[in-house]
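Asker: Fold the following, please.
(one chain, ligands or ions: 1)
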Amino acid sequence: MVNSEESCSTQLIDGDGAFNVTGIDHFIKDVKLGDCGLSYAVVSIMGPQSSGKSTLLNHLFGTKFREMDAFKGRHVLLMLSWSQTTKGIWLARCAGIEPCTLVMDLEGTDGRERGEDDTAFEKQSALFALAVSDIVLINMWCHDIGREQAANKPLLKTVFQVMMRLFSPRKTTLMFVIRDKTRTPLENLEPVLREDIQKIWDSVPKPQAHKETPLSEFFNVEVVALSSYEEKEEQFKEQVASLRQRFFHSIAPGGLAGDRRGVVPASGFSFSSQQIWKVIKENKDLDLPAHKVMVATVRCEEIANEKYSNFAANEEWCELEEAVQSGPVSGFGKKLSSILDTSLSGYDAEVLYFDEGVRSSKRKQLEEKLLQLVQPAFQSMLGHIRSGTLDRFKDAFDKALSGGEGFSSASLRCSTSYMAQFDEGCAGVRLDMLDVVIVQANWDTSKAQDKLQRDIDAHIASVRAAKLAEITTQFESKLNEALAGPVEALLDGANNDTWPSIKKLLQKETKSAVSGLSSALSGFDMDEVAKEKMLANLENYAKGVVEAKAREEAGRVLNRMKDRFTTLFSHDSDSMPRIWTGKEDIRAITKTSRSASLKLLSVMARSVWMMRLIILRVHLPVLWWILQTVLLLPIGRFQNMIHWPQALGNRLLFIAGILFSEIST
Ligand SMILES: Nc1nc2c(ncn2[C@@H]2O[C@H](COP(=O)(O)OP(=O)(O)OP(=O)(O)O)[C@@H](O)[C@H]2O)c(=O)[nH]1
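Answerer: Purely as a prediction, here's the structure:
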């Protein structure tokens with residue numbers, strides 16, 4: 001006895017031809033068909049009305065299809081009402097049979113010829129059963145065998161006709177179930193039945209391509225006979241129990257199921273059935289291979305969309321996405337790759353049995369969409385790794401420089417080392433646990449690498465500029481210290497040796513500073529031109545120090561000249577204040593005082609810089625005015641002094657010319 005507890009059923013198509021989408025979806029969930037992959041079989045039964053189809057299915061598969069009350073009997077029912085007959089197509093799961101076997105109970109046929117009317121439900125349901133089923137049971141009365149007016153003859157014609165409407169049809173098993181078997185042995189009945197079948201096959205109009213195609217090309221024909229359920233119930237049950245065994249492992253090679261060419265993965269069964277029924281209702285031909293691709297396309301897309309939505313809502317991913325906004329995330333690449341992998345392998349598992357071309361193209365699309373979703377997070381992480389690497393580079397570089405390593409060597413070593421660390425991070429070698437690599441993506445990280453290299457180079461350049469400025473300042477300070485004081489002292493005691501001494505001092509200190517700077521620059525791996533320029537600048541600086549001192553002294557020279565003139569003019573040779581008696585030789589005194597005063601000027605002018613100062617910067621008219629005010633006005637009573645400025649100017653120019661030529665050589 002079959003345990004019917006496991007069985008559940010639904011009306012797949014109602015009597016008006018409406019497909020019960022909700023019903024089938026619930027049914028599929030209840031029987032967990034979606035998990036079956038290709039491991040499931042579909043059996044249908046067709047045959048005349050009230051020929052005991054439901055009774056047979058319920059005994060054979062433990063289903064609970066509605067049977068007509070036994071006491072009413074089929075003859076009574078046929079006369080009275082149709083209310084108890086099966087309407088439309090019912091679907092149930094066979095109880096206790098492996099693999100999962102679905103069974104469809106079709107509305108009984110009325111035994112009338114349908115001619116060309118393809119819209120008749122009988123024809124449509126037959127075509128549907130052939131397109132969907134692996135095994136079709138044809139229920140028939142034993143007494144119809146060999147009869148010209150057999151009740152199942154129009155049905156068989158229909159089956160064979162609609163079969164022609166399936167492009168490259170699957171090879172289905174047609175199992176003829178002879179009911180109310182008589183005493184005639186099956187061995188005698190079967191050849192007659194096969195002959196009937198062949199005749200019907202021959203009579204069916206076929207397209208040119210199948211004119212000569214034998215029946216066996218489309219169908220495996222099987223014949224079984226059962227005793228009457230009503231008259232020999234026990235025998236019937238025994239025979240049904242033995243028949244049941246044939247449905248176990250029906251999809252294994254050599255099993256009862258046909259070639260299963262048309263089989264769609266179980267998760268696509270609902271959609272596939274709906275589409276097949278839709279095409280049949282629209283009275284279009286059914287192209288099963290194309291249908292399989294279409295089902296695969298729709299289902300793979302549905303599955304991919306579901307995986308995408310699941311990924312987007314995945315808690316782990318959402319946390320990762322949020323965390324990477326604010327900083328680097330340890331194990332980022334590994335975690336994200338793993339979530340992506342779970343999603344993609346989930347897709348792979350669910351679409352495994354769909355058309356390969358379709359499933360791989362949909363996988364590609366899913367992968368692209370997922371990667372598009374995670375790319376901003378990847379970029380953020382890459383940015384964190386880049387800035388982290390830059391910070392570590394700066395620290396290491398600073399340490400190397402303060403540890404005394406040469407600038408060029410430190411910059412090259414640190415730059416190479418930290419660029420390599422970044423490259424390793426990008427290539428998947430873990431970098432302080434901060435891996436960014438997403439296994440599924442092959443993203444180009446060269447832009448980030450370039451940016452890091454640029455940042456490192458910019459940092460090196462700025463440190464270099466700062467260091468060079470520091471060194472230059474250091475040498476300039478040294479020079480300043482070495483020159484300013486001594487030059488000032490030398491200028492203070494102006495005499496004939498002043499300028500040669502200054503020149504000597506300048507040369508000595510410049511040489512020492514230039515040599516010091518040159519060796520300090522050796523660690524910078526500078527090009528010769530830049531180095532020479534820096535050394536030249538230092539030399540100029542040294543000259544500048546002297547020039548500045550000289551300029552300073554020049555600012556004071558007029559005062560000192562005036563002081564010297566006044567001192568000599570108003571003091572006698574014993575340095576005693578002169579007492580003017582009127583007998584003094586004012587001209588001679590003035591001449592002596594002026595000469596002493598001009599001597600001071602000549603010392604000061606003994607340099608190129610002083611010349612510049614005197615000739616170019618301090619204009620002669622100004623100088624004249626100063627001299628007239630400071631030197632000449634106090635002795636303004638000498639009217640002929642009015643000619644002095646010109647004479648003095650000429651004299652200064654003369655002295656400057658001589659000194660310039662002297663110093664230049
Ligand atoms: N003679 C005979 N009658 C049977 C047999 N099996 C069932 N019946 C009777 O036939 C009648 C119809 O049974 P169902 O199983 O409902 O037949 P059916 O073919 O499913 O009917 P529809 O699908 O409604 O056309 C019932 O009264 C059954 O008791 C059988 O093996 N022999």
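Asker: tell me the contacts of residue 155?
Answerer: Contacts for residue 155 (Cβ atoms under 8 Å, 6 or more residues apart in numbering) come out as 46-48, 109, 111, 122, 126, 138. (C-beta placed from N, C-alpha, C; glycine too.)
Asker: Dump those into CSV; add neighbour count as well.
Answerer: Shown next, in CSV, are the contacts of residue 155 (neighbours: other Cβ atoms under 10 Å):
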residue, neighbour count
46, 29
47, 23
48, 22
109, 24
111, 16
122, 21
126, 27
138, 21
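Asker: Quick one: name the residues of the protein near the ligand.
Answerer: Within reach of the ligand by Cβ under 6 Å from any ligand atom, the chain has these residues: 49-55, 67-68, 70, 73-74, 85-86, 108, 179-180, 228-230.
Asker: Quick one: residues contacting the closest residue to the ligand within the stretch 351-500 of the chain.
Answerer: Nearest residue of the stretch 351-500 of the chain to the ligand: residue 353, at 32.7 Å (Cβ to the nearest ligand atom). Contacts here follow Cβ under 8 Å, 6+ apart; on that basis residue 353 touches 37-38, 264-266.
Asker: That one - that's part of a helix, no?
Answerer: No: with DSSP: H, G, I helix; E, B strand; the rest coil as the criterion, residue 353 is coil rather than part of a helix.
Asker: Kindly provide the distance from it to residue 344.
Answerer: According to Cβ to Cβ, to the nearest Å, residue 353 and residue 344 sit 17 Å apart.
Asker: Ok, residue 489 next?
Answerer: For residue 489 relative to residue 344 (Cβ to Cβ), the value is 86 Å.
Asker: more neighbours, those two?
Answerer: Counted by other Cβ atoms under 10 Å, residue 489 and residue 344 do not tie: residue 344 has more neighbours, with 18 against 12.
Asker: That one in helix, strand or coil?
Answerer: helix.
Asker: Which residues are in contact with it?
Answerer: With Cβ under 8 Å, 6+ apart, residue 344 has these contacts: 307, 363, 366-367, 370, 440.
Asker: 10 Å instead?
Answerer: Counting by Cβ atoms under 10 Å, 6 or more residues apart in numbering, residue 344 makes contact with 304, 307, 311, 363, 366-367, 370, 440.
Asker: mind putting these in TSV, secondary structure, pLDDT and neighbour count included?
Answerer: As requested, the contacts of residue 344 are exported to TSV (DSSP: H, G, I helix; E, B strand; the rest coil; pLDDT from 0 to 100; neighbours: other Cβ atoms under 10 Å):
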residue	secondary structure	pLDDT	neighbour count
304	helix	96	24
307	helix	97	23
311	helix	97	22
363	helix	96	18
366	helix	97	23
367	helix	96	17
370	helix	97	25
440	coil	84	15
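Asker: Just want the residue of the stretch 251-400 of the chain that's nearest the ligand.
Answerer: For the stretch 251-400 of the chain, Cβ to the nearest ligand atom, closest residue to the ligand: residue 277, 19.2 Å.
Asker: just checking, that residue touches residue 128?
Answerer: Yes: in this structure, residue 277 is within contact of residue 128 by Cβ atoms under 10 Å, at 5.8 Å.
Asker: Which positions in stretch 137-152 come out as buried?
Answerer: Buried positions in stretch 137-152, judged by neighbour count with 16 or more other Cβ atoms under 10 Å: 137-142, 144-145, 150-152.
Asker: ok, of these, which one's closest to the ligand?
Answerer: Of these, the one sitting nearest to the ligand (Cβ to the nearest ligand atom) turns out to be residue 139, at 6.7 Å.
Asker: got a list of what the closest one touches?
Answerer: 45-48, 51-57, 106, 108-109, 152, 155, 175-179, 226.
Asker: at 7 Å instead, please
Answerer: Going by Cβ atoms under 7 Å, 6 or more residues apart in numbering, residue 139 touches 45, 47, 51-53, 56, 177, 179.
Asker: Top of those by number of neighbours, please.
Answerer: Result: residue 45 is most packed of the contacts of residue 139 (other Cβ under 10 Å), 27 neighbours.
Asker: Would you verify that it is located in a helix?
Answerer: No: judged by three-state DSSP, residue 45 forms no part of a helix; its state is strand.
Asker: who touches it in this structure?
Answerer: Taking Cβ under 7 Å, 6+ apart, one finds 53, 57, 105-106, 137, 139 in contact with residue 45.
Asker: The residue nearest to it when sequence neighbours are not counted: which element?
Answerer: Once flanking residues are discounted, residue 45 sits nearest to residue 137: 4.2 Å by Cβ to Cβ, 6 or more residues apart in numbering. Under the criterion DSSP states H and E, the helix or strand holding residue 137 is strand 135-141.
Asker: so what strands line up beside that strand?
Answerer: strand 40-46 (parallel), strand 172-179 (parallel) (DSSP bridges).
Asker: what's the helix or strand for residue 583?
Answerer: Residue-wise, residue 583 maps onto no helix or strand under DSSP H and E.
Asker: Now for it, how many residues are close by?
Answerer: Residue 583 has 6 nearby residues by other Cβ under 10 Å.
Asker: Over to residue 104?
Answerer: 26.
Asker: So the closest residue to it other than its chain neighbours versus residue 417, what's the distance?
Answerer: Excluding its sequence neighbours, the residue lying closest to residue 104 (Cβ to Cβ, 6+ apart) is residue 44, at 4.3 Å. Using Cβ to Cβ, one obtains 73 Å as the distance from residue 44 to residue 417.
Asker: So which of these two has more stuff around it?
Answerer: Neighbour comparison, residue 44 and residue 417: the larger count goes to residue 44, with 25 against 13 (by other Cβ under 10 Å).
Asker: Report the buried members of the contacts of residue 353.
Answerer: 264-266.
Asker: Same list, these, but as a markdown table with distance to residue 27, secondary structure and pLDDT please.
Answerer: A markdown table is the format used below for the buried ones among the contacts of residue 353 (distance: Cβ to Cβ, whole Å; DSSP: H, G, I helix; E, B strand; the rest coil; pLDDT from 0 to 100):
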| residue | distance to residue 27 | secondary structure | pLDDT |
| --- | --- | --- | --- |
| 264 | 16 | coil | 89 |
| 265 | 17 | coil | 91 |
| 266 | 12 | helix | 92 |
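Asker: And the chain, split by domain according to the record?
Answerer: 4-284, 296-443, 460-551 (automatic domain parsing).
Asker: Show the average pLDDT along the shortest one.
Answerer: Averaged across domain 460-551, pLDDT comes to 88.
Asker: returning to what we had before: what's the closest of the contacts of residue 45 to residue 13?
Answerer: residue 106 (9.3 Å; Cβ to Cβ).
Asker: Wait, the residue nearest to residue 45 touches residue 175, no?
Answerer: Yes: Residue 137 lies in contact with residue 175 (Cβ atoms under 7 Å); the separation is 5.0 Å.
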